[in-house]
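Colleague: below are the sequence and a predicted model for it; my questions follow.
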Amino acid sequence: MAGSSNKKSSGGAGIKVLIIGVVLIGLVVGYYYYLSNKKGKDDTEENVKATAVQEVILYNFERNYPQLPKEVVKLYGKFTQCFYNEEYTEEELRQMAMQIQKLYDDELIANKTENQYIEDLKWDINIFKEKGTNISSYAVASGADVDYFTQDGFDFAKLHCRFTLRTGTQLSYSDEIFLLRKDSDGHWKIYGWTLADEENAG
């Protein structure tokens, strides 16, 4: 009898171990499935945030304002490509317009009201879209080619940027000269720009 009782007890313990093992395997598989789905969801959300338009809208100027004049113009070029190349809503256009003005000198901003600036921007963008033209790339002059000078108590920097425009298979170029002025916080702000040909003609 004693032998038979021990055998039954050992069988019961084996069943308990088997059940616990199955439960643990289920938990491991379930956790793996949860992590896989979570990673997929996170990747999808990252992709949404990583669109060019969202990148410029979410750009943190307070934390990452460009330190050098050429970096300011490069960021301006990135915004410009979004305006002329990407698809976006009316609200996103307004958000980008407000963001890019953080690169502008106060005097440049004061030249137009917010609505005037956005309307002029939309008009210019529509001309590009009607022609089927986009900004293929842009190249900012190297740091060694930046012309620094002081005038009326302000620090200025002048540099070139070449925009490559694509219309179908045709390429054209727009060479522009940017003038930047350092503000009271030590940030280089775009004071204005002109076509290189116009400045040379003047």
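Modeller: Sure thing, it's come through.
Colleague: go through stretch 146-160 and flag the buried ones.
Modeller: Residues of stretch 146-160 classed as buried by neighbour count (16 or more other Cβ atoms under 10 Å): 146, 156-160. Yep, even glycine has a C-beta here, placed from its N, CA and C like the rest.
Colleague: can you give me the buried ones in stretch 112-121?
Modeller: 117-118, 121.
Colleague: give me the contact list for that stretch.
Modeller: For stretch 112-121, contacts defined as Cβ atoms under 8 Å, 6 or more residues apart in numbering pick out 83, 93-94, 97-98, 101, 109.
Colleague: go again with 10 Å.
Modeller: Stretch 112-121 is contacted from outside by 83, 90, 93-94, 96-98, 100-101, 104, 108-109, 111, using Cβ atoms under 10 Å, 6 or more residues apart in numbering.
Colleague: now a ChimeraX select for only the buried ones of these.
Modeller: The buried subset of these, as determined by 16+ other Cβ under 10 Å, is captured in ChimeraX by this line:
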select :83,93,94,96,97,100,101,104,108
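Colleague: export the contacts of stretch 112-121 as TSV, with columns for secondary structure.
Modeller: As requested, the contacts of stretch 112-121 are exported to TSV (DSSP: H, G, I helix; E, B strand; the rest coil):
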residue	secondary structure
Phe83	helix
Glu90	helix
Leu93	helix
Arg94	helix
Met96	helix
Ala97	helix
Met98	helix
Ile100	helix
Gln101	helix
Tyr104	strand
Leu108	helix
Ile109	helix
Asn111	coil
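Colleague: which one of the buried residues of stretch 112-121 is nearest to Leu179?
Modeller: Tyr117 (18.5 Å; Cβ to Cβ).
Colleague: following the helix or strand containing the closest one, which helix or strand shows up next?
Modeller: If you go by DSSP states H and E, Tyr117 is part of helix 114-131. For helix 114-131, the following helix or strand on the C-terminal side (DSSP H and E) is strand 133-140.
Colleague: model confidence for the residue nearest to Leu195 when sequence neighbours are not counted, exactly?
Modeller: Nearest in space to Leu195, with sequence neighbours left out and distances taken as Cβ to Cβ, 6 or more residues apart in numbering, is Glu176 at 5.9 Å. We have a pLDDT of 96 for Glu176.
Colleague: and the helix or strand Glu176 falls within, what's buried?
Modeller: Following DSSP H and E, one finds Glu176 within strand 170-182. By 16+ other Cβ under 10 Å, the buried positions in strand 170-182 come out as 176-182.
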